[in-house]
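Peer 1: Coordinates only, no sequence provided:
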């Protein structure tokens, strides 16, 4: 039976991107399963977003293919986002407003929450998401924030709403933080729940164009699907360990866990039957970490019930011939794997990634020889990295025969080990905010100037895709955008010819 309580989520999206966010869709599913109403205010495609066209930088660097979002009905919104937000709140009259916050957009989320609180003091506001786990006390000290959620929120938000509906204040709800008499209080974090007990992600509050996602320059009806949670690795640039620590404080261990094959297939079948999806992106950081026999079982169910192309992320440690064969049978078209940087000593010392270049090459070639395309993840501009290190990473990509490249200039996320090193070595200030999407330098690197690093970012894919005979010309293109664009066009032609020959 529907209950007289409405939760409004603010979906903050300041990039030219589509896609239904898993975080909000899971929380919405949990609330609706318990009879609560959910609405979403979507900040996507407002012209006033300063970083709306940041994807353009990736297109120009050959990292992304250009996408025409107008083909699926996307229009740039020229109205005031805050005016539209006011109208939305007046129309929907929510009882609770929720934000899920990433580090890059924490200030923008706080600004919107401040705007809401100034006009609607009686509506409580809750913040959750990765950044809240990094600095819960600091977030909660903002006058606009009444509650925070630490850890996974599917059960916590339902329990909080249950209590608020009864006239309570959520003071006894696990995972919830609040203020009382000027004091910050953080409740215990409950044990993580089984992945099979997770609600079905709810897509209904989102605009239909979010069902589409980009793949190789095309927009396809795409499900962003989650099979597992909690990466088993400890990379120093990642926020994974931060969330684990929130659980360990309360005697709970947050380990890698995944849904049963039956549960995962049930979700995908729902998306296929109700939304007509034609492609799947399994967003787990390391989809193939599951045991080989489990992947075999999933493979059989997937072929029988879903039979759609998909791509996924993996770590090179987990790749085996048996797993590659299973992925191929399922219809996997691309596996994304991390290289990050090629210097083995650096990777071990600074990134806590203990793998050899030989293993990286072996895993990439194993996937390629299994008939599946590959995409590599790379980071440049890491602390104390030199130009020679970046060129070594380019060489490793060439040895791996990668199909395509993903690239980011290092972003020192709050709460990570590598950020603490940057602060200690005075490469950034302690209060340095994280902004952007990895297309511009943030830290001061004593061995690389910002212009040189940007030039390498803009030509990284060219060095990998073109023969070494072009390298002197590509080095000139680091400072010459016209030349870079000419070379990129050549790469696009070569890629097109390669796809035709494969077809």
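Peer 2: Noted; the coordinates are in hand. Since we're looking at a predicted model, the values are computed, not measured. Numbering: from 1, shown residues only.

Peer 1: can we go C-alpha only for contacts and neighbour counts from here?
Peer 2: OK.

Peer 1: Residue 216: neighbour count?
Peer 2: Here the number of neighbours of residue 216 (other Cα atoms under 10 Å) works out to 10.

Peer 1: number of nearby residues for residue 102?
Peer 2: 17.

Peer 1: if I pick it, what's in contact with it?
Peer 2: 129-131 (Cα atoms under 8 Å, 6 or more residues apart in numbering).

Peer 1: Which stretches in the stretch 51-200 of the chain count as strands?
Peer 2: With strands called from DSSP state E, counting those that start in this stretch, the stretch 51-200 of the chain shows them at 96-100, 125-128, 147-149, 176-180, 183-186.

Peer 1: residues contacting the residue positioned nearest the centre of the chain?
Peer 2: In the chain, the residue lying closest to the centroid (Cα atoms, centre = their mean) is residue 283, at 7.9 Å. Taking Cα under 8 Å, 6+ apart, we find residue 283 in contact with 224-227, 312-313.

Peer 1: Confirm for me that residue 413 is in contact with residue 242.
Peer 2: No: look at residue 413 against residue 242 with Cα atoms under 8 Å: they stay out of range, at 10.9 Å.

Peer 1: ok, and what's touching stretch 130-145?
Peer 2: By Cα under 8 Å, 6+ apart, stretch 130-145 touches 100-103, 106, 110, 113-114, 116-117, 124-127, 146-151, 177-179, 184, 239, 242-243, 246, 414-415.

Peer 1: Just the buried ones from those, in PyMOL syntax?
Peer 2: The PyMOL command for the buried members of the contacts of stretch 130-145 (criterion: 16 or more other Cα atoms under 10 Å) is given here:
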select buried, resi 100+101+102+103+106+110+113+114+116+117+124+125+126+127+146+147+148+149+150+151+177+178+179+239+242+243+246+414+415
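
Peer 1: okay, and for the stretch 251-400 of the chain, where does confidence drop off?
Peer 2: Residues of the stretch 251-400 of the chain meeting the criterion pLDDT under 70: none.

Peer 1: now the helices for it?
Peer 2: For the stretch 251-400 of the chain, the helices defined by DSSP state H, counting those that start in this stretch cover 261-275, 292-305, 321-330, 344-351, 357-369, 387-400.

Peer 1: Nearest to residue 25, out of those?
Peer 2: Among the helices of the stretch 251-400 of the chain, helix 261-275 comes nearest to residue 25, with 12.6 Å by Cα to Cα.

Peer 1: now the angle between helix 292-305 and the closest one, please.
Peer 2: With axes from the mean of the first three to the mean of the last three Cα atoms, to 10 degrees defining the directions, helix 261-275 sits at 30 degrees from helix 292-305.

Peer 1: what comes up buried for helix 261-275?
Peer 2: Across helix 261-275, burial judged by 16+ other Cα under 10 Å covers 261, 263-269, 271-272.

Peer 1: Tabulate these (TSV), appending distance to residue 487.
Peer 2: Putting the buried residues of helix 261-275 into TSV (distance: Cα to Cα, whole Å) gives the following:
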residue	distance to residue 487
261	45
263	47
264	43
265	43
266	46
267	43
268	40
269	43
271	40
272	40
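
Peer 1: Of the contacts of residue 102, grab the buried ones for ChimeraX.
Peer 2: Of the contacts of residue 102, the buried ones can be selected in ChimeraX as follows, counting by 16+ other Cα under 10 Å:
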select :129,130,131
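
Peer 1: got the contact list for the nearest residue to residue 319 once chain neighbours are set aside?
Peer 2: Leaving aside its sequence neighbours, residue 319 sits nearest to residue 363 (Cα to Cα, 6 or more residues apart in numbering; 6.0 Å). Shown in contact with residue 363 (Cα under 8 Å, 6+ apart): 316-317, 319-320.

Peer 1: and residue 363, how far is that from residue 202?
Peer 2: 36 Å (Cα to Cα, to the nearest Å).

Peer 1: and what of residue 151?
Peer 2: Distance, residue 151 to residue 202, by Cα to Cα: 20 Å.

Peer 1: can you list the weak-confidence ranges in this protein?
Peer 2: 1, 497-503.

Peer 1: how about stretch 200-213: buried residues?
Peer 2: For stretch 200-213, by 16+ other Cα under 10 Å, it's 200-203, 205-206, 208-213.

Peer 1: Format those residues as TSV; extra columns: distance to residue 192 and secondary structure.
Peer 2: TSV is the format used below for these (distance: Cα to Cα, whole Å; DSSP: H, G, I helix; E, B strand; the rest coil):
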residue	distance to residue 192	secondary structure
200	17	coil
201	18	coil
202	21	coil
203	24	coil
205	26	coil
206	27	coil
208	32	helix
209	33	helix
210	29	helix
211	29	helix
212	31	strand
213	30	strand
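
Peer 1: Compute the distance from the centre of stretch 120-137 to the centre of its chain.
Peer 2: 20 Å (Cα atoms, centre = their mean, to the nearest Å).

Peer 1: What is the linear distance spanned by it between its boundary residues?
Peer 2: Length of stretch 120-137, first residue to last, Cα to Cα: 23 Å.

Peer 1: Now do the contacts for residue 172.
Peer 2: Neighbours of residue 172 in contact, by Cα under 8 Å, 6+ apart: residue 187.

Peer 1: how far away is it from residue 191?
Peer 2: Applying Cα to Cα to residue 172 and residue 191 gives a distance of 16 Å.

Peer 1: what's the neighbour count on residue 185?
Peer 2: As a burial measure, residue 185 scores 15 neighbours (other Cα under 10 Å).

Peer 1: mind listing the helices in the stretch 1-150 of the chain by residue range?
Peer 2: Under DSSP H, counting those that start in this stretch, the stretch 1-150 of the chain gives helices at 22-33, 55-60, 81-92, 106-119, 130-134, 136-140.

Peer 1: Ok, which of those comes nearest residue 303?
Peer 2: helix 22-33 (23.9 Å).

Peer 1: can you list contacts of the closest one?
Peer 2: The contact list for helix 22-33 (Cα under 8 Å, 6+ apart) reads 9, 11, 37-38, 100, 153-155, 157-158, 198-203, 224-226.

Peer 1: Give the PyMOL command for selecting the buried subset of these.
Peer 2: A single PyMOL command is used to select the members of the contacts of helix 22-33 judged buried by 16+ other Cα under 10 Å:
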select buried, resi 9+11+37+38+100+153+154+155+157+158+198+199+200+201+202+203+224+225+226
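
Peer 1: Can you give me the buried ones in the longest helix anywhere in the chain?
Peer 2: Longest helix in the chain, counting residues (DSSP state H): helix 481-502. For helix 481-502, burial by neighbour count (16+ other Cα under 10 Å) applies to 481, 484-485, 487-488, 491.

Peer 1: Out of these, flag the one nearest to residue 76.
Peer 2: residue 485 (26.3 Å).

Peer 1: so that closest one touches residue 60, yeah?
Peer 2: Yes: look at residue 485 against residue 60 with Cα under 8 Å: they come within range, at 7.3 Å.

Peer 1: so what sits against both of the two?
Peer 2: In contact with both residue 485 and residue 60: no residue, using Cα under 8 Å, 6+ apart.

Peer 1: contacting residues around residue 372?
Peer 2: Taking Cα under 8 Å, 6+ apart as the criterion, residue 372 is in contact with 328, 332-335.

Peer 1: helices or strands up against the longest helix of the chain?
Peer 2: helix 450-465, helix 471-477 (3 or more Cα pairs under 8 Å, 6 or more residues apart in numbering; DSSP states H and E).

Peer 1: What lies in contact with the first one?
Peer 2: Contact with helix 450-465 is made by 60-63, 380-381, 394-395, 397-398, 405, 407-409, 439-441, 470-471, 474-475, 477-479, 484, 487-488, 491, as judged by Cα under 8 Å, 6+ apart.
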